[in-house]
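Q: this one's sequence-less:
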């Protein structure tokens, strides 16, 4: 209940800031004051606030618990993306005056049809990014209020479209900046409290995992989905009715809705296909899901780092900076803010491995940050901490998805159809509706898998378009269009295939699940090859020159 | 003209099929193909004899006439050629002959071929010549020359149209300034005796404003620049209103760098003061707010003045309102439409006694719109 209240509070506060905040912060009787730009720091706060999504708040700690220490590379990539942004696109993008990637495409290559193609890609990326946000919101809402998952997702959709309609349309810098502070505070305070409260033993165990992990106390485990797991040694569990059930060593299949209470000290059964908690595979600091750790790590890192530059809602934030120089300064500020934030999901992941290992068995690792405080600190303090984290996660959901939804609606109404304001509102509702529908069957897919999918598509489409568009004079319309098409189809298709169908373990699976390492070069190659066959327009030189002249 | 066209078409068709009696559908196909060729020729020549398409036009003409070679020349000499190598002296001689006497010129070559030069006239003036070598009849070459002349005429008209549009924009821009200059000087003149210090401040504000208004930097400014210019204007107006003018500005920082046409905000504020607040008793209030709306940038200027009848507002935008109020809103509206397209004009919400709200809604990015 406390958590529901806290979530409501975050929602109301951000609505109030959205509607009145601009007024309070920027209301003046003087045009000179009003025409002064906000400082780069505000801008950086706003970008970080919009960028830190459910993937960062919930997904990272969950994936750390499930897949091991290698997950930290995700955080590295999320922050390093801005290094690429600073180095390659922030300044020139600002000089072009373009607000969105389709705008840039039109500026650089001057073709309305390419704009439509870009609008389509924006749609794909934004939907792929929205689905995990709605999933996160649904999981958190259903966790704290006890409603089924689909109610949570639906509610999240209504809340976001409602808040945009009530004034969030103004995508105000201050609302997003406020959300960064909320997220940081609501994640950091409980994390620090938990670390202090956990005591030296737990801390030591979190840092030096012993092989195999045991339930710290008698733990009830309710299976919400059919689960296969294996046991190394026999264990006697009790059902809610009090009967003892002897589970022998070996493979077990448990049906949906079963509830077992595992005794204190029992070894935690681990689901098939996942690294054993605390095992060597878990502790190796590389991403290892399909058996080729080095390739998987590189591919994910490439996807996230270069994907960041192609994310439509990130790029449009740099439009706010008055000059190219401040745009770069803003991006540097964002790196610092993100670096600070990403310390905390790691805390939840590491502590979660010691205190809530049953989540792996339940396939509910995305909830570790919300479940952990109550588990670690019983009583009212735990409730308050849970409420804080839940509110932080919801804030993350709210700010990111309203930014995403606006970018999506803008693309839909402005790039694909000639837009008017009612159309823009309609597009928001349609976008939210489609995202909710797609999020309903996505309960079992990890948030970060979906987010990295969106990043992969962005890295294989807009990243080459922007990088070549800015740094290569000979890019042509045909080259850009074919590169975009190839990148979008391969990246979307490969990951989608690996999620929807099971493929035999080995290289094929890895290449499909982590395709960035081959789709990015493929998109770059296609763009350059096709551009080489066609002639750039006469004014291309001038257009590129303007991107780089101070 | 029609007769020439047919004779050209016959020649060209005969290359496709030697038979003279062919079924109607294929004849019709060939006719359509020909129309396409002629259209393509006029597209090639849309930038005149000095555009990029002139070489492709020479190639196309050579194919249409089944000629050995074609040269397109302006008054200074050949600009593009296709096909057989021409003897430079030959061509120069023919051109000199054409330009001197205004008629056709012809030189026989061995083996029955010839080189033929026909003048190109644009708006009844000699603009160049078409030189064709091979066996085409002189009449055929004349027909082709007529086609090229028409295309060149179109190109000239198109350039004129662009120039007129640009001149219109400049005129509209210039219209605002004298209007305001008069008002401002009147205000300052009124203050010179009673409050010389303030008059001096206002004069320097006015100088700043003029520098902005008359600057030759381009047609666009950022929202932020526009706001600063509006401030100067308001200082001048406040002096006139003896400070019974209350202003609130709310700007979301994300729209400040957006490029918009020069002098959009100030004329609307001016209109609000002159026609909304001037006739109102007591303190008047104006609020200017700007925010982003997805890919759009919105600026709203609202006053609580006397308002007007919606029909009057409509006629103001249409430019058919009373003479004294015709400058300002209609001008801004026209320029916005000219730059962004018809759907981005001004929106006025008003009623008598209810104040007026004018909304500017423009895309944050439009190709070609860049603040200098």
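A: That came in fine, so what should we check first? Note that the structure is predicted; figures quoted are calculated from it, not measured.
Q: Tell me where the stretch 251-372 of chain B has strands.
A: Using DSSP state E, counting those that start in this stretch, the strands of the stretch 251-372 of chain B run over residues B:259-261, B:284-293, B:296-303, B:347-350, B:356-363.
Q: The residue nearest to residue A:486 when sequence neighbours are not counted and chain B: what is the separation?
A: Once flanking residues are discounted, residue A:486 sits nearest to residue A:526: 4.6 Å by C-beta to C-beta, 6 or more residues apart in numbering or on different chains. Any C-beta I mention is one placed from the backbone N, CA and C, and that applies to glycine too. Distance, residue A:526 to chain B, using C-beta to the nearest C-beta, to the nearest Å: 25 Å.
Q: Next SSE downstream of the one helix or strand residue A:526 maps to?
A: Assigned by DSSP states H and E, residue A:526 belongs to helix A:516-533. Using DSSP H and E, the helix or strand that follows helix A:516-533 in sequence is helix A:540-548.
Q: How far away from the center of its chain is that following helix?
A: 34 Å (C-alpha atoms, centre = their mean, to the nearest Å).
Q: What of stretch A:337-354?
A: 15 Å.
Q: And for stretch A:60-76?
A: 13 Å.
Q: now that stretch: mean pLDDT?
A: For stretch A:60-76, mean pLDDT rounds to 85.
Q: contacts for it?
A: Stretch A:60-76 is contacted by residues A:56, A:274-275, A:277, A:281-289, A:293, A:297, A:300-301, A:304, A:342, A:345-350, A:352-353, A:356-357, A:359-360, A:365-369, A:446-448, A:452 when judged by C-beta atoms under 8 Å, 6 or more residues apart in numbering or on different chains.
Q: List the backbone torsions phi and psi for residue A:293.
A: phi -60, psi -40 (degrees, to the nearest 10).
Q: what does residue A:97 give?
A: phi 80, psi 0.
Q: Likewise for residue B:124?
A: Residue torsions, per degrees, to the nearest 10, at residue B:124 are phi 60, psi 10.
Q: Quick one: residues contacting residue B:337.
A: B:344, B:345.
Q: could you check the distance from it over to residue A:413?
A: Noted for residue B:337: a distance of 20 Å to residue A:413, by C-beta to C-beta, to the nearest Å.
Q: excluding its backbone neighbours, what's nearest residue B:84?
A: That would be residue B:69: by C-beta to C-beta, 6+ apart, it lies 3.4 Å from residue B:84.
Q: Next up, phi/psi of that neighbour, please.
A: phi -160, psi 150.
Q: these two touch, right, it and residue B:135?
A: No - with contact defined as C-beta atoms under 8 Å, residue B:69 does not count as touching residue B:135 (11.7 Å).
Q: From residue B:51, how far off is the residue nearest to residue B:84?
A: For residue B:69 relative to residue B:51 (C-beta to C-beta), the value is 21 Å.
Q: any chance of the strands of the stretch 251-372 of chain B in a markdown table, plus mean pLDDT?
A: Below are these laid out as a markdown table (pLDDT from 0 to 100):
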| stretch | mean pLDDT |
| --- | --- |
| strand B:259-261 | 88 |
| strand B:284-293 | 85 |
| strand B:296-303 | 90 |
| strand B:347-350 | 88 |
| strand B:356-363 | 90 |
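Q: these two touch, right, residue B:80 and residue B:57?
A: Yes - under the criterion of C-beta under 8 Å, residue B:80 lies in contact with residue B:57, with a separation of 7.2 Å.
Q: what sits in contact with each of the two?
A: residue B:72.
Q: if you count what's nearby, which of these two comes out ahead?
A: Neighbours were counted for residue B:80 and for residue B:57 using other C-beta atoms under 10 Å in any protein chain shown; residue B:57 has more, 24 against 19.
Q: Okay, the closest residue to the more buried one other than its chain neighbours and residue B:64: tell me how far apart.
A: Closest residue to residue B:57 apart from its sequence neighbours, by C-beta to C-beta, 6+ apart: residue B:44 at 3.9 Å. Computed as C-beta to C-beta, the residue B:44 to residue B:64 distance reads 12 Å.
Q: residues in contact with the helix or strand where residue A:370 lies?
A: Residue A:370 belongs to helix A:368-376 when assigned by DSSP H and E. With C-beta under 8 Å, 6+ apart as the test, helix A:368-376 has contacts from A:3, A:57-58, A:61-62, A:65, A:140, A:143-144, A:187, A:190, A:194, A:197-198, A:345, A:348-349, A:351-352, A:355-356, A:359, A:364, A:382-383, A:385-386, A:388-390, A:393.
Q: 6 Å instead?
A: A:58, A:61-62, A:65, A:140, A:143, A:190, A:194, A:348, A:352, A:355-356, A:359, A:382, A:385-386, A:389-390 (C-beta atoms under 6 Å, 6 or more residues apart in numbering or on different chains).
Q: Give the residue spans of chain A that score low on pLDDT.
A: A:1, A:17-37, A:166-172, A:209-213, A:216, A:224-225, A:270-279, A:418-422 (pLDDT under 70).
Q: any idea how it splits into domains?
A: A:2-208+A:277-548, A:219-267 (automatic domain parsing).
Q: Just the endpoints, please. Distance across the last one?
A: Translated: domain A:219-267. 12 Å (C-alpha to C-alpha, to the nearest Å).
Q: for it, the distance to its chain's centre please.
A: Distance, centroid of domain A:219-267 to centroid of chain: 33 Å (C-alpha atoms, centre = their mean).
Q: Also the first one?
A: Averaged C-alpha coordinates place domain A:2-208+A:277-548 at 4 Å from its chain's average position (C-alpha atoms, centre = their mean).
Q: Same question for stretch B:85-93.
A: So, by C-alpha atoms, centre = their mean, the centroid of stretch B:85-93 is 40 Å from its chain's centroid.
Q: wait, doesn't the residue nearest to residue B:84 sit right on residue B:133?
A: Yes - here residue B:69 reaches residue B:133: they are 4.6 Å apart, a contact under C-beta atoms under 6 Å.
Q: where does residue A:173 sit relative to chain B, distance-wise?
A: 5 Å.
Q: if I pick that residue, what's in contact with it?
A: Residues near residue A:173 by C-beta under 6 Å, 6+ apart: A:46, B:253, B:254.
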